[in-house]
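Q: no sequence on this one, just coordinates:
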């Protein structure tokens, strides 16, 4: 099998069914051809328990570029797309380097034969039928799998000085590896790694992948003690595992959220914000005694939004009963109403990196568009404790003045929205007020004149001279 051979599409059946007649005039041959066609279609349909899917169209349409690979394709969903073809030469070069590694215990033929045996299982990991024929599909599995292994090993252990292993290329490659539609089943990497290492070190891929992801996502040191089980589905699923606490109980409660921005919590309830020692999205807690809301730090760069969007899109599938990353996005969206909130959280260490308050506020504001928000809330206990603290904060220093001013401002805003929704309304109000003032002026003057006459009369009767 030639690795550089171009793909071939599966040949279409010569027995394409014609449209079935509605009047029942179909012949037995027509029905037979139609049934054969349908059986063939059903045969190649992926099972319900697939692990790699397309991003739902309504979610993708919000910002398509955040779900589309820019530089490199992994797996069949974006395979051979024109703008990604230039990277294929670099992939093949790394595959060659992987095959000729000093400690590689397998040959190219060994990898091809091994993957041929898993072709059907790999195809069923995707939600849609792929048009690649058997040889090209196996070729894709070997090339992409060996490329990823060499990428992980080359970066983690600095095995070579390839031009890809630098700070210019790697952030873009890493960004593409974290896309839902750009994945290869993780067991493919595990099988290839076992062939490469032999039986002496069969499971090193889990630790090497963790170290590789940790380097680029700027996760906390506690992640280095974490290791997912053999059920890891793919690269993005591995990243999600690292962002979720391993000690978290899947306990959900229904709780109606009352939204308070970070600025409002600080001013109205004297809540203090503090970064946690970890960077896991699930490590959000509230200390009611000290009034401290503990939130994990997140590093903001050019790929942060894409990563968050794809993690949320991943959780929209049937595979995740508890949507932890989605709930993190909901919590942060509640805290951030304006750039002022971002500035406050940045000051307290919640945000690091390239933090533009306006852009970060827009990021969290738009992150959940078209996303099905779970009714059950992961952080229900935090919401409950925070709400209790907020309701009992009336006696704390500085909160009374803020609440009074805040209510007056809200009333003024309501009046403005209801009665002065246009400049003409304001002009009319000023004109009416002026006319009313001019009309009332003579009345007030007459009232004052009568009052003075009454006082003079009383003074005269009592004999008091003013």
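A: Yes, it's here. These figures come from a predicted structure and were not determined experimentally. Numbers count the residues shown, from 1 in each chain.
Q: From here on, just use CA atoms for contacts and neighbour counts.
A: Fine.
Q: Return the mean pLDDT over stretch 100-118, rounded to an integer.
A: The pLDDT scores in stretch 100-118 average 90.
Q: before we move on, what SS does residue 293 have?
A: Assigned with DSSP: H, G, I helix; E, B strand; the rest coil, residue 293 falls in the strand class.
Q: tell me which residues form a beta bridge with it?
A: When bridges are called by DSSP bridges, residue 293 pairs up with residue 273, residue 286.
Q: Contacts only, for it.
A: 271, 272, 273, 274, 284, 285, 286, 287 (CA atoms under 8 Å, 6 or more residues apart in numbering).
Q: ok, these vs residue 295, which is closest?
A: Comparing the contacts of residue 293 against residue 295 with CA to CA places residue 284 closest, at 4.9 Å.
Q: Identify the residue spatially nearest to the closest one, adjacent ones excluded.
A: Excluding the flanking residues, the one nearest residue 284 by CA to CA, 6 or more residues apart in numbering is residue 295, at 4.9 Å.
Q: contacting residues for residue 144?
A: With contacts defined as CA under 8 Å, 6+ apart, residue 144 is in contact with 74, 75, 91, 184.
Q: quick one: contacts for the third one?
A: Shown in contact with residue 91 (CA under 8 Å, 6+ apart): 143, 144, 147.
Q: possible to save those as CSV with secondary structure and distance to residue 333?
A: Formatted as CSV, the contacts of residue 91 follow (DSSP: H, G, I helix; E, B strand; the rest coil; distance: CA to CA, whole Å):
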residue, secondary structure, distance to residue 333
143, helix, 41
144, helix, 37
147, helix, 38
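Q: where in the stretch 301-450 of the chain is pLDDT low?
A: In the predicted model, the stretch 301-450 of the chain carries pLDDT under 70 at residues 376, 393-424, 426, 428, 437, 441, 445, 447-448, 450.
Q: where along it do the helices fall?
A: 304-315, 324-335, 339-347, 357-366, 380-391, 399-419, 423-462 (DSSP state H, counting those that start in this stretch).
Q: For the shortest one, report the contacting residues that lie outside it.
A: Right, helix 339-347. Contact partners of helix 339-347, identified using CA under 8 Å, 6+ apart, comprise 261-263, 273, 335-336, 351-352, 355, 357-358, 360-361.
Q: picking that back up, what is the nearest of the contacts of residue 91 to residue 222?
A: Among these, and counting by CA to CA, the member closest to residue 222 is residue 147, at 28.3 Å.
Q: Tell me how many other residues crowd the closest one.
A: 24 (other CA atoms under 10 Å).
Q: hang on, isn't it packed against residue 94?
A: Yes: between residue 147 and residue 94 a contact is recorded at 5.7 Å, counting by CA atoms under 8 Å.
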